[in-house]
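Q: quick one, what's the 3D model for this:
(chains A and B)
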Amino acid sequence: MTAVRTEHLSKRYGATLAVDTLDLEVREGEVYGYLGPNGAGKTTTIRLLLGLHRPSGGRAELFGVDAWRDPVEAHRRVAYVAGEPFLWPSLTSAETFEFLARVHGGTDVRYRDELVERFQLDTRKRIRALSKGNRQKVQLVAALATRADLLLLDEPTSGLDPLMEVTFRDCVVEAKKRGQTIFLSSHILSEVEAVCDRVGILRAGKLVDQGTLDELRHLGAQTVEVTFDGPAPRLPALPGVTVESAGASGLRFEVTGGVGPLIAALAGQPVATLSSRTASLEEIFLHHYDHGNGGAPG
Amino acid sequence: MATAALPVSTLVRRTFLDARVRTISSACLFALYGYVQPVGFRHTYPTLESRLQFARSFANNKAVVVFYGKAYDILTVGGYSAWRVGGTLAIVAAVLGVVAAVRALRTEEEAGRAELVLAGIIGRGSAFGAALAGVAGGMLVLGLAQTAGLLAGGLPAGGSMYLALSDITVMVVFVGIGALASQLAPTRRTAIEIGIAAVAVSWLLRVAADTSSGVGWLRWATPLGWAEELRPFTGAQPLVLLLPAAATLAMLAAAARIVAVRDVGTGLLAVPDSAEPRLWLLSSPTAQALRRELPSVIAWVLGVGLYGIVMGVVSKSVSSAGISKKLSRELAKLGSGSVLTPSGYLGFAFIFFVMAAALFACSQVAAARHEESDEQLETLLAQPVGRHGWLGGRLLLATAGILAVAATASVFTWLGAASQGESVSLPRMLEAGVNCLPVGLLFLGLGALAYALVPRASTGVAYGLVAVAFLWYLVGTLLGVPKWLVDLTPFQHVGLVPAAPFRPISALLMAAIGAAVALLALWAFGRRDLAGA
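A: The predicted structure is shown next:
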C-alpha cells in the first residue's frame, strides 16, 4: 500500500505556479527524502498533502484517502512537524504534549518520556521562553511519540544542534525499523543521504529526479583518481571520460557511464594507486541546479 | 532614493506607517464626529428658547452627564460641540493613545523586531524616542482631522483647533501611560490591559467628580477632567495644558529611564518562564481556546459589570420635571430615546451593552484569526481535527461569551439601580440583556464570514462594521436623511427595554441572519487555503 500518493498535483498562487503536475508515490515503510532549495515548493507540497491548501489541479492522498476532501480521516495515521515551530506561547511543553496527544487521539506516553529525556527538554518551561531549537524539539517529540504510521516532517532539524541532529537521525532509523513511513523534506543533504531510502529532487515546483541514491548516481560522474610510478602517461581520448592532471604523477578522470574502457586503457600503465568514488548527493543536487540555471524548468 | 535618510528618521516613518490603517480610520471617525455635533445641534435646536429648555432639562441631568461629561454652556453651537466631543471622543482618544503606544513599543519588542533594530546603530533611547515621534505624527493627523470636521460643521477656526487640541491632550497623556505600561508588562496583552484599566479609572473619577456634590476637585485628578477644564468655547483656560504636559513628560521620563536599564525583550513585571503543568481544558481545540480566552472574557465581564453598576446607580437621578412632550420627542431624535425617566435612561444605557456584545464578538473573530496567522492552526489541522469543528467551536465559545456579557449587564445594572431603591425588576433587566444576543450574533456571523472570505483583513472588517453601524445609529437621525437609510444599522432595530417593548421579530430576524451567515462562513472556510500572517 502507498502511504503518500499525488496525481498531477498542482498549486497556483496568483501568477506563481508553486507546485507543477507532481506525481509522487511513497510506499509504506519507506523513508523518503524530499529535496529542494528554499522556495522550490516543498512546504506547499506538504500543505497540499495535509489538505491545508486546496489543489489547483490533481489530487493528494494519504493511505488512499483524499487529503482535501476528507482531511480528518486522512490525518488519523499521520503526525506532522511544521517548518516553523509556532506553538501556543502560554502553554508549557508538558501542557503542549498533553493537548496535542488528546487532539491526535492518543500517544505513547512512555515513549514520549523517553524522547523528552533523549532530546533533553525541560517540560516545565513555557513555549514563550524556549529558543527556536527547543520549540522544534517540542514539535518533534510530540510527533514521534504518537508512533503514527506516517511522519510528515518539514525541515525538522532546522535550529537543532549537531548532537540533537544525531538523536533525530537515531529516532528516524528506529521509526523505520518499526515500519513507520517517513516523508522528510529537507535541504540538508547529509541528513537525507544518511537516512533516506529514496529521494525526490524538486526544482521550481517540478520533480526533476527521483529514485534510490544508487539510481540517482547514474547522473553524476564517477571520479577515478590514479597515481603512477613515474610521470603520468598520455592516454588516448575515451568517450565519456574527461581527464585532468593531479600533480606530476597523477591523473583525475571524470567518468560517466561504465569504467571498463578506462580500466582497459590503464592496463599497460605503471599504476601505483587507484581510487574511485561515486557522486555524492551534493554533486547530484548541484548537477540538477547548475544545469537548470537560466533554462526552462524541467 | 532616500538612502541618505538618517536611521532614526527611517524608524519614525516606519512607526507612523505601521499604524496607517488605524490612523486613517480613526481620523475619519474624529472628523465625522466633529462635523455632526454642530450640524445636528443647529438642526435640532434652532432657537434660543429651545436651547434654554434643552439646557435646563437635559444637560444638567446627572445621568446624562455620565455619558457626556459636564456641560459648561450648551446654549451655543460651540459650547454644545465641546461638551459632546470632550465627553465622548476623549474616551476614544484615551483608548487610542494606549493602543498606539503599546503597538509601537511593546508589540515590536515581543515580536523580536526591536532586537533587530537595536542590533544596528540605533541606541535604545533613540529607538524609544523614534517610536514615540511616529506615534506623535499619528496624533497630529487625528487633531487635524478633528479640526477639519469642526470647521466643516461651521465652527470658528481658533476654537475648533483648541477643542481638537483638548481632545488630543487626552491621547497624549494615555500615550504616556501606554509607554510606561510597555516597560512594565512583558507582553502586548498585559500592557494593553494595564492601559485600559487606567482609562476605566480615569472615567470613574470623572463620573464621580461630575455627578457627586463635594468631590468636584476629583476632576483635577483625571486626564479626562483636564480636557473638560480646558473649556473650549466656554472661557478657555489654556494654562490647564500644563497639567497633561507635565504628567506626560513625567511618565515618558520614567519609561525612558526603565528602557535604559532593563534587558531588551523583558518587562519590569517578571513572568515565570516555568510552571507545573495544569492539564485542565486541554481536551479539545475548543477547550484549549476557552482556556486561552478566559482571562479576556473575565476582563470583559468585569468592565461590563462596572459600567452596569454605574448606570444603575445614576438612573435614579434622572428626572423629567418640566419637560414638554415636544422636547421629549426632540430628545428622542438625538438617538437617546426618552432618557428622562429611569427606565428610559436604562433603555438608552443598554444600547451601549448591545454595542459591547457586538465588540466582544469581534474580539473573538480576531482571536480565531490570530490562531491562524500565528500558524498554530496549521499544527492543529494537521491532526485529525476538522475545520468545521474548529471554527464552529470558536463560534459557540463566542456565543457563550456574548451570553455572559448580556447576563452581566442585566444583573449588575439591576444591582446598581436596586441599591438606590429604584423599582426596576430583575426579569425586566434580563429582558433588556436579551437584546445583546441578536445583534451580537449578527456581528459574529458577519465577522466570521469576513474571516472565511478575507482572512487577512477580517479583524479590521469586523470591528469596522460595528463602529460604522453604531456611529450611524447615533448620528444618522440627526442628519435628517431618509428613514430607510437610518434603518440600515442593526442598532436601530433594538427594542430598548425597559424604555420600549422588546421587538421579538427584529430580534429573531437578526439572530437568524447571524446564524445563516455563520453557516455560510463555515462552508466558505472549508474551501479556502489557510492563510499565514
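
Q: CA atoms for contacts and neighbours, from now on please.
A: Fine.

Q: okay, A:Gly292: pLDDT?
A: We have a pLDDT of 51 for A:Gly292.

Q: actually B:Ala227, sorry about that
A: At B:Ala227, pLDDT is 93.

Q: give me the mean pLDDT for stretch B:434-447.
A: The pLDDT scores in stretch B:434-447 average 97.

Q: let me redo that: stretch B:398-407
A: Averaging pLDDT along stretch B:398-407 gives 97.

Q: now it, how far from the centre of its chain.
A: Relative to the chain's own centre, stretch B:398-407 is displaced by 18 Å; criterion: C-alpha atoms, centre = their mean, to the nearest Å.

Q: in that stretch, what counts as buried?
A: Of all the residues in stretch B:398-407, those buried under the rule 16 or more other C-alpha atoms under 10 Å in any protein chain shown are B:Ala398, B:Thr399, B:Gly401, B:Ile402, B:Leu403, B:Ala404, B:Val405, B:Ala406, B:Ala407.

Q: chain A contacts on chain B?
A: Contacts of chain B with chain A, taken as C-alpha under 8 Å from any C-alpha of the partner chain, map to B:273-279, B:282-285, B:288, B:374-376, B:378-386, B:527-530.

Q: give me the PyMOL select line for the residues you listed, limited to the buried ones.
A: Here is the PyMOL command that picks out the buried ones among the residues of chain B next to chain A, judged by 16+ other C-alpha under 10 Å:
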select buried, chain B and resi 274+277+282+283+284+285+288+374+375+376+378+379+380+381+382+383+384+385+386+527+530
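
Q: residue contacts, A:Ala3?
A: A:Ala3 makes contact with A:Glu25, A:Val26, A:Arg27, A:Glu28, A:Glu61, A:Leu62, A:Phe63, A:Gly64, A:Leu150, A:Thr181, according to C-alpha atoms under 8 Å, 6 or more residues apart in numbering or on different chains.

Q: circling back to that earlier point, in helices only, show me the residues of chain B next to chain A.
A: Among the residues of chain B next to chain A, the residues falling in helices (DSSP state H) are B:Pro285, B:Gln288, B:Gln376, B:Glu378, B:Thr379, B:Leu380, B:Leu381.

Q: identify the farthest-apart pair in these.
A: Using C-alpha to C-alpha, those span at most 15.3 Å, a distance reached by B:Gln288 and B:Glu378.

Q: describe which strands the helix or strand hosting A:Leu184 pairs with in its sheet and in which direction.
A: Take DSSP states H and E as the rule and A:Leu184 turns out to sit in strand A:181-186. If you go by DSSP bridges, strand A:181-186 pairs up with strand A:31-35 (parallel), strand A:150-154 (parallel).

Q: is it true that B:Arg527 touches A:Pro55?
A: No: B:Arg527 sits out of contact with A:Pro55 when judged by C-alpha atoms under 8 Å, with a separation of 10.7 Å.

Q: identify, from the buried residues of stretch B:398-407, the entry nearest to chain A.
A: Distance to chain A, by C-alpha to the nearest C-alpha, is smallest for B:Ala398 among those, at 19.7 Å.

Q: what about the closest residue to chain B within the stretch 101-250 of chain A, how many residues nearby?
A: Closest residue of the stretch 101-250 of chain A to chain B, C-alpha to the nearest C-alpha: A:Lys125 (4.1 Å). Neighbourhood size, A:Lys125 [other C-alpha atoms under 10 Å in any protein chain shown]: 21.

Q: one more: the one 3 residues further on?
A: Burial of A:Arg128 is recorded as 18 neighbouring residues (other C-alpha under 10 Å).
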